[in-house]
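Q: 3D, please:
(one chain, ligands or ions: 1)
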Amino acid sequence: MKAVPSLTAETMALQRSFESHRPKGRRLFCDPYADAFLRPSLRALATASAIPGLRRLAVGLYDAVGGPGPRPSAIVRTKVIDDAIAEATTDGTQCVLLGAGYDTRAYRLPALKDHRVFEVDHPITQTAKHLVVDRLGLDDRHVTYVPIDFEHDRLADSLLSAGFDPLVRSTFVWEGVTNYLTGEAIDATLGVVHDLTTGGGVLILTYIDARALTDPTPFPEARRWVRAVTRAEEPWTFGLNPADASQYFAERGLLLRQDDSTLDAGRAWLTAQGRSEHGSGLYRIAVLEPEHGDRD
Ligand SMILES: C[S@@+](CC[C@H](N)C(=O)[O-])C[C@H]1O[C@@H](n2cnc3c(N)ncnc32)[C@H](O)[C@@H]1O
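A: Numbering: from 1, shown residues only. A predicted model of the protein is given here:
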């Protein structure tokens, strides 16, 4: 990883900001804090998108650089995961946001406001986030920051010493991260999630279709997208073929409950709002249930 805060985390904040500036009733969600994580030039672009006459220009400019896939895919995945967290969060559960970046769910989702949230991320991005959360004056007493590098540090030890309780039901979210890691780091992290969920729980993660890395022809948006993340010096390194996903996760003690592309997951919502944009076939959201033989 680079020694600067994650650019792809900031890009996600920008995409969420564009969506949040859409009129009420014509957006998939609202993240009122997303703007605060943006550098001035990107904040100006996001603010311009709130002005009806400029919206198309501002968002169009962004899509022209990034290509047609990333933004609609990002907003669909945000909505799917918001809903999945709300469904999984019940009295007394805890939530772990792995590679949290500038995810503000701990503050904006009513479901999480009264629950313990652990935000795990690379220390450089996490420090940048903390400064913004402080500046905004957000009440983060329910949030515990856990700085780690998935490639080098011991997630289990860090979570346990931060107060995570494996006997309490947990919602783990790993959004927009597996595609930047090595297979070894993913294996180790999935192992930790499995081992720390003896109290029950769910893991919601995203992954990219491995074919986008080798033969992008099935995905018209793939080439530009791969180029954009490489330019950001956060290249995609890992993907899974959806046909193999169930077995891959089963071998790691995780039962695949749901697995959709953002193209399929977002279709009905976007159509209902009269929007012609669509998610991406290469970007997938999986819901997994850790299996513990002695409990089942
Ligand atoms: C695309 S951003 C996603 C952020 C957030 N989950 C979201 O969806 O908005 C990728 C995140 O993964 C984190 N990340 C990437 N590689 C990492 C590593 N080796 N260790 C810890 N965090 C890492 C980055 O710091 C960044 O916050």
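Q: who does the helix or strand of the chain with the lowest mean pLDDT touch, helix- and strand-wise?
A: Lowest by mean pLDDT, DSSP states H and E among the helices and strands of the chain is helix 222-231, with a mean of 90. With contacts taken as 3 or more Cβ pairs under 8 Å, 6 or more residues apart in numbering; DSSP states H and E, helix 222-231 sits against helix 52-66, helix 211-214. All C-beta atoms are positioned from the backbone trio N, CA, C, and that covers glycine.
Q: let's have those helices in a markdown table, adding mean neighbour count and mean pLDDT.
A: Formatted as a markdown table, the helices and strands packed on helix 222-231 follow (neighbours: other Cβ atoms under 10 Å; pLDDT from 0 to 100):
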| stretch | mean neighbour count | mean pLDDT |
| --- | --- | --- |
| helix 52-66 | 14 | 92 |
| helix 211-214 | 17 | 92 |
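Q: which one, of these, ends up nearest to the ligand?
A: With respect to the ligand, and counting by Cβ to the nearest ligand atom, the nearest of those is helix 52-66 at 12.9 Å.
Q: quick check, that closest one touching the ligand?
A: No. Counting by Cβ under 6 Å from any ligand atom, the ligand is not contacted by helix 52-66; separation bottoms out at 12.9 Å.
Q: any idea of the angle the least confident helix or strand of the chain forms with helix 52-66?
A: 90 degrees (axes from the mean of the first three to the mean of the last three Cα atoms, to 10 degrees).
Q: which of the residues in helix 222-231 are buried?
A: Ala222, Trp225, Val226, Ala228, Val229 (16 or more other Cβ atoms under 10 Å).
Q: and it, how far from the chain's centre?
A: What separates the centre of helix 222-231 from the centre of its chain is 18 Å, taken as Cα atoms, centre = their mean, to the nearest Å.
Q: which SSE is the residue in the stretch 1-150 of the chain that the ligand sits nearest to in?
A: Residue nearest to the ligand within the stretch 1-150 of the chain: Gly101 (2.5 Å; Cβ to the nearest ligand atom). Of the helices and strands defined by DSSP states H and E, none includes Gly101.
Q: mind listing what it touches?
A: Counting by Cβ atoms under 8 Å, 6 or more residues apart in numbering, Gly101 touches Ser6, Thr8, Ala9, Met12, Ala13, Asp121, Thr125, Lys129, Gly176.
Q: please repeat the previous calculation with a cut-off of 7 Å.
A: Contacts for Gly101 (Cβ atoms under 7 Å, 6 or more residues apart in numbering) come out as Ser6, Ala9, Met12, Asp121, Thr125.
Q: count the neighbours of the first one for me.
A: A count of nearby residues for Ser6, using other Cβ atoms under 10 Å, gives 26.
Q: how near is the nearest residue to it once chain neighbours are set aside to Thr189?
A: The shortest distance from Ser6 to any non-neighbouring residue, by Cβ to Cβ, 6 or more residues apart in numbering, is to Thr125 (4.5 Å). Distance of Thr125 to Thr189, computed by Cβ to Cβ, to the nearest Å: 17 Å.
Q: more neighbours: these two, which one.
A: Remark: of Thr125 and Thr189, Thr189 carries more neighbours, 26 against 23, as counted by other Cβ under 10 Å.
Q: I figured the more buried one hits Phe150, correct?
A: Yes. Applying Cβ atoms under 7 Å, one finds Thr189 in contact with Phe150, separated by 5.8 Å.
Q: now do the strands in the stretch 1-150 of the chain.
A: Using DSSP state E, counting those that start in this stretch, the strands found in the stretch 1-150 of the chain span residues 94-98, 116-121, 143-147.
Q: redo those strands as a markdown table? Include mean pLDDT and distance to the ligand.
A: Formatted as a markdown table, the strands of the stretch 1-150 of the chain follow (pLDDT from 0 to 100; distance: least, Cβ to the nearest ligand atom, whole Å):
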| stretch | mean pLDDT | distance to the ligand |
| --- | --- | --- |
| strand 94-98 | 98 | 7 |
| strand 116-121 | 98 | 5 |
| strand 143-147 | 98 | 8 |
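Q: can I get those in TSV including mean neighbour count?
A: TSV is the format used below for those (neighbours: other Cβ atoms under 10 Å):
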stretch	mean neighbour count
strand 94-98	25
strand 116-121	24
strand 143-147	19
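Q: now render those as CSV, adding distance to Ser49.
A: Below are the strands of the stretch 1-150 of the chain laid out as CSV (distance: least, Cβ to Cβ, whole Å):
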stretch, distance to Ser49
strand 94-98, 26
strand 116-121, 27
strand 143-147, 28
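Q: which non-adjacent residue is nearest Pro72?
A: Spatial nearest neighbour of Pro72, chain neighbours left out: Glu277 (4.4 Å); criterion: Cβ to Cβ, 6+ apart.
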